[in-house]
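Colleague: Generate coordinates for the sequence data below:
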Amino acid sequence: MSRIRVLVLRGLVAGLAVAAVLVGIRLVLTRQAALARERIGKPLGEESLDADRVWRRSLDGDPIDLLILGDSIAAGLGAERRKETLGGRLAKGLARRMRRPVRLHTAAIVGSESPDLPAQLDGLSAAYRPHIAVIVVGGNDVTHRLPPSLSAQHLHESIRRLREAGAEIVVGTCPDLGALRPVPQPLRRLASSMSRRLADIQAETARHAGAEPVDLRRAVGPMFFDEPEAMFSLDRFHPSALGYRRTAEALLPAVCRAAEVAVSSRRPPEPR
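Modeller: Now for the predicted structure:
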C-alpha cells in the first residue's frame, strides 16, 4: 500500500473518530438538557405578578415612566409580592433617589428571547414615551441555542427604536447560567461559557447603540454561585426575593443615571 493511501486512510479514520465523538457529545448534552428541564419543571407557573402602578405616588412631581422589557427575570417570575419583582424594586429605588413618583410598565413576558423584544415594543401604545427602558434578556437565547449575532441584531434594533422615542436605556446582560445547579455537567459548563459570550456581545451592542450595559454576571453572579439556596426561588432557576433585590441594586445606579439624563432633556408640556 502506497504511503499516500495510508495517509488518506489514517485521515479518514481520524475524521470518523472525531465525528463519532461529536455525535456522542451531542447525545450526552441532549440527555442532560432533558434532565435539567425535568429537574427544574414549572413550579412557579408561567405568569408573573402584575407590579404595574405608580410607585411612591405621594412624592411631588410628575411620574417618571419606567419600562421593563425582556424575559422572565425582567417580568419578575419567582417573586411572591409585587414590590419584590425586578420592576417593583427598580421603581421604588428610582422614586426614592429621584424624589419623584415612578410609573412602572412591564412589557416583559415569561419565556421571551431577544427576537421577542420587537413584539414587546409593538404591543405598546403609539403615544407611550418612557423616560427609561430596562432590558434584561438572554437566558432563553442560550438554552435555545440562538446565534449570538441574531440576539445582538434584535437587541440593537430595540435600543434604536427606544432611542428614537426619546428613552434612555439600560441593558442588564445575560446572567451566568453556570450558577444553575439543577443543570448537570458538562452541560452547565457549556451554558456558562455561552452565557458569558452572549453577555459580552450584549454589552458591546448596547454601548454602540447608545445604551448603558450592566454586567450582571460580575455584579451579582458570585452571590448566585455562593448562596444558591437564598438567591434562587423554588425552581432553582429564577431569582428569589433576595435575588431580585441584589439584581435591582446592581441595575439601579445606571437606571438613576438614565433617569437624570431623560428628565433633564425632556421638555415639559406646553400650557394649553
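
Colleague: tell me the strands in the stretch 1-150 of the chain, going along the chain?
Modeller: Remark: strands assigned in the stretch 1-150 of the chain by DSSP state E, counting those that start in this stretch are 54-55, 64-70, 102-106, 132-136.

Colleague: Need the ones you listed in a markdown table (columns: mean neighbour count).
Modeller: No exception for glycine: its C-beta is placed from N, CA and C like everyone else's. Below are those laid out as a markdown table (neighbours: other Cβ atoms under 10 Å):
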| stretch | mean neighbour count |
| --- | --- |
| strand 54-55 | 21 |
| strand 64-70 | 26 |
| strand 102-106 | 23 |
| strand 132-136 | 28 |
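
Colleague: export those strands to TSV and tack on distance to residue 233 and mean pLDDT?
Modeller: Compiled in TSV, the strands of the stretch 1-150 of the chain are given as follows (distance: least, Cβ to Cβ, whole Å; pLDDT from 0 to 100):
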stretch	distance to residue 233	mean pLDDT
strand 54-55	22	98
strand 64-70	17	98
strand 102-106	18	98
strand 132-136	16	98
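
Colleague: So for residue 184, which of those strands sits nearest?
Modeller: Closest to residue 184 of those is strand 132-136 (Cβ to Cβ; 25.8 Å).

Colleague: so the closest one versus strand 102-106, what angle?
Modeller: Computed by axes from the mean of the first three to the mean of the last three Cα atoms, to 10 degrees, the angle separating strand 132-136 from strand 102-106 equals 40 degrees.

Colleague: Please save the CA atoms from strand 132-136 in CSV.
Modeller: Output for strand 132-136, consisting of C-alpha atoms alone and laid out as CSV, is shown next (Å, rounded to 0.1, in the frame of the first residue of the first chain):
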residue,chain,number,x,y,z
ILE,A,132,-36.2,54.9,30.9
ALA,A,133,-36.3,51.4,29.5
VAL,A,134,-34.6,48.5,31.2
ILE,A,135,-33.9,45.4,29.1
VAL,A,136,-33.0,42.1,30.7
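
Colleague: Could you dump the strands of the stretch 1-150 of the chain into CSV with distance to residue 167 added?
Modeller: Converted to CSV, the strands of the stretch 1-150 of the chain look like this (distance: least, Cβ to Cβ, whole Å):
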stretch, distance to residue 167
strand 54-55, 18
strand 64-70, 7
strand 102-106, 12
strand 132-136, 5
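
Colleague: Neighbours of the closest residue to residue 163 other than its chain neighbours, how many?
Modeller: Counting by Cβ to Cβ, 6 or more residues apart in numbering, the nearest residue to residue 163 once its immediate chain neighbours are dropped is residue 210, at 5.3 Å. By the other Cβ atoms under 10 Å criterion, the neighbourhood of residue 210 contains 13 residues.

Colleague: Quick check: residue 210 vs residue 64, distance?
Modeller: From residue 210 over to residue 64 the distance is 19 Å, taken as Cβ to Cβ, to the nearest Å.

Colleague: swap in residue 250?
Modeller: 20 Å.

Colleague: tell me which residues of stretch 109-119 are tucked away?
Modeller: Taking 16 or more other Cβ atoms under 10 Å as the neighbour-count basis, stretch 109-119 is seen to contain the buried residues 109, 110, 112, 113, 114, 115, 116, 117.

Colleague: So which of these is the closest to residue 235?
Modeller: Of the buried residues of stretch 109-119, the one sitting nearest to residue 235 (Cβ to Cβ) turns out to be residue 110, at 11.9 Å.

Colleague: Quick check: that closest one touching residue 70?
Modeller: No - using Cβ atoms under 8 Å, residue 110 makes no contact with residue 70, being 10.1 Å away.

Colleague: and residue 165, what does it touch?
Modeller: The contact partners of residue 165, taken as Cβ atoms under 8 Å, 6 or more residues apart in numbering, are 129, 130.
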